[in-house]
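Participant: Build me a model:
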Amino acid sequence: MKNSLKPKYDMRLLFSCLFLVSFFNSFAQEVKPEVKPEVKPVVKIDSLYREDQFYFSVTYNLLTKIPQGLKQNKFSAGLSAGFLRDMPVNKSRTVAIATGLGLSYQNYNQNLTIAKGADGALTYEVTDYNDISSNRYKQYSVDLPIEFRWRNSTYESTKFWRIYSGFKVSYVFSNKSILDTGEETFKISNNPDINKLQYSVYLAVGYNTWNLYLNYGLSPLFKDVTTVSGQNINVRTLNAGLIFYIL
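Facilitator: Coordinates of the predicted model:
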């Protein structure tokens, strides 16, 4: 009697186990956490954007309106950097005015030598390059530029055409002339005959990173001075190169 009940008991136990497994499996599927769709971050569009706040330029420096015989025989480099506040003046923000502050270093290799006499007076002479090893003039200035800007930029793109023209006032706070004859070196610092206030106009034209840059000095580099031969020294500066703008 007992042996006949055992198979029935085993079958009931088996069906009970199968029922429990099926129940828990369906329950686990029902309570499975819901996977939410990925939410992309919202990109805020700045319709009041400004352009080209910082600048850096590298130039090749020339002297114009030079006295007879003056030459430049080596590469003369210039560097400048600064900050400009961009102020758009139209709704599409393609036209703007900018002003700011910068620093410049200018170097000129040439054969206009400057010497100091026994009385302390400075004398100027256009010297033959065969008589000297090198002669250069360098200056450091604080720049105050103001410029008119046109560009076809939009708030969606940082690559655009630009034409910027401006006027710049520079204050020369340090200058030095270095003459090397091959035997001796003569240095004259903070020459009082240099115009401390210098004025220039400039133009920057380009696309995206690469922009051509031209700066022409309106005021003479020197004050009213002449060479020992009587020539007036009325030289102006011309700087040509590249300028880079950064937001």
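Participant: Just after the least confident helix or strand in the chain by mean pLDDT, pick out the following helix or strand.
Facilitator: Of all helical and strand segments in the chain, the minimum by mean pLDDT, DSSP states H and E falls on helix 2-30, at a mean of 54. With elements assigned by DSSP states H and E, the helix or strand that comes after helix 2-30 is strand 54-64.
Participant: quick check: mean pLDDT across the helix or strand just after that next one?
Facilitator: Tracing the chain past strand 54-64, the next element assigned as helix or strand by DSSP H and E is strand 77-88. In this model, strand 77-88 has a mean pLDDT of 96.
Participant: Dump strand 77-88 to PDB, keeping only the CA atoms.
Facilitator: Extracted in PDB, the C-alpha atoms of strand 77-88 (Å, rounded to 0.1, in the frame of the first residue of the first chain):
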ATOM      1  CA  ALA A  77      61.100  90.000 -37.100                       C
ATOM      2  CA  GLY A  78      58.200  91.300 -35.100                       C
ATOM      3  CA  LEU A  79      55.800  89.800 -32.600                       C
ATOM      4  CA  SER A  80      52.700  91.100 -31.000                       C
ATOM      5  CA  ALA A  81      49.800  89.800 -28.900                       C
ATOM      6  CA  GLY A  82      46.900  91.200 -27.000                       C
ATOM      7  CA  PHE A  83      43.200  91.200 -26.200                       C
ATOM      8  CA  LEU A  84      40.400  92.900 -28.200                       C
ATOM      9  CA  ARG A  85      36.800  93.400 -27.000                       C
ATOM     10  CA  ASP A  86      34.400  92.500 -29.800                       C
ATOM     11  CA  MET A  87      31.300  94.700 -29.900                       C
ATOM     12  CA  PRO A  88      28.900  93.700 -32.700                       C
END
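Participant: chain center to stretch 238-247, what's the gap?
Facilitator: Centroid separation between stretch 238-247 and its chain, computed with C-alpha atoms, centre = their mean, to the nearest Å, is 7 Å.
Participant: could you give the mean pLDDT of that stretch?
Facilitator: Taken as a whole, stretch 238-247 has a mean pLDDT of 94.
Participant: Buried residues in it, which are they?
Facilitator: Using 16 or more other C-beta atoms under 10 Å as the burial criterion, the residues of stretch 238-247 that qualify are 238, 239, 241, 242, 243, 244, 245. Every residue, glycine included, has its C-beta placed from N, CA and C.
Participant: shaky segments in the chain?
Facilitator: Within the chain, the stretches with pLDDT under 70 are 1-47.
Participant: mind checking the longest strand of it?
Facilitator: Taking DSSP state E as the criterion, the chain has its longest strand at strand 161-180.
Participant: Buried residues, that one. List them.
Facilitator: For strand 161-180, burial by neighbour count (16+ other C-beta under 10 Å) applies to 162, 164, 166, 168, 170, 172, 175, 177, 179.
Participant: From those residues, pick the one nearest residue 226.
Facilitator: Nearest to residue 226, judged by C-beta to C-beta, of the buried residues of strand 161-180 is residue 177 at 16.6 Å.
Participant: just to revisit the earlier point, may I see the buried residues of stretch 238-247 arranged in JSON lines, with distance to residue 70 as well?
Facilitator: Shown next, in JSON lines, are the buried residues of stretch 238-247 (distance: C-beta to C-beta, whole Å):
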{"residue": "238", "distance to residue 70": "14"}
{"residue": "239", "distance to residue 70": "17"}
{"residue": "241", "distance to residue 70": "22"}
{"residue": "242", "distance to residue 70": "26"}
{"residue": "243", "distance to residue 70": "27"}
{"residue": "244", "distance to residue 70": "32"}
{"residue": "245", "distance to residue 70": "34"}
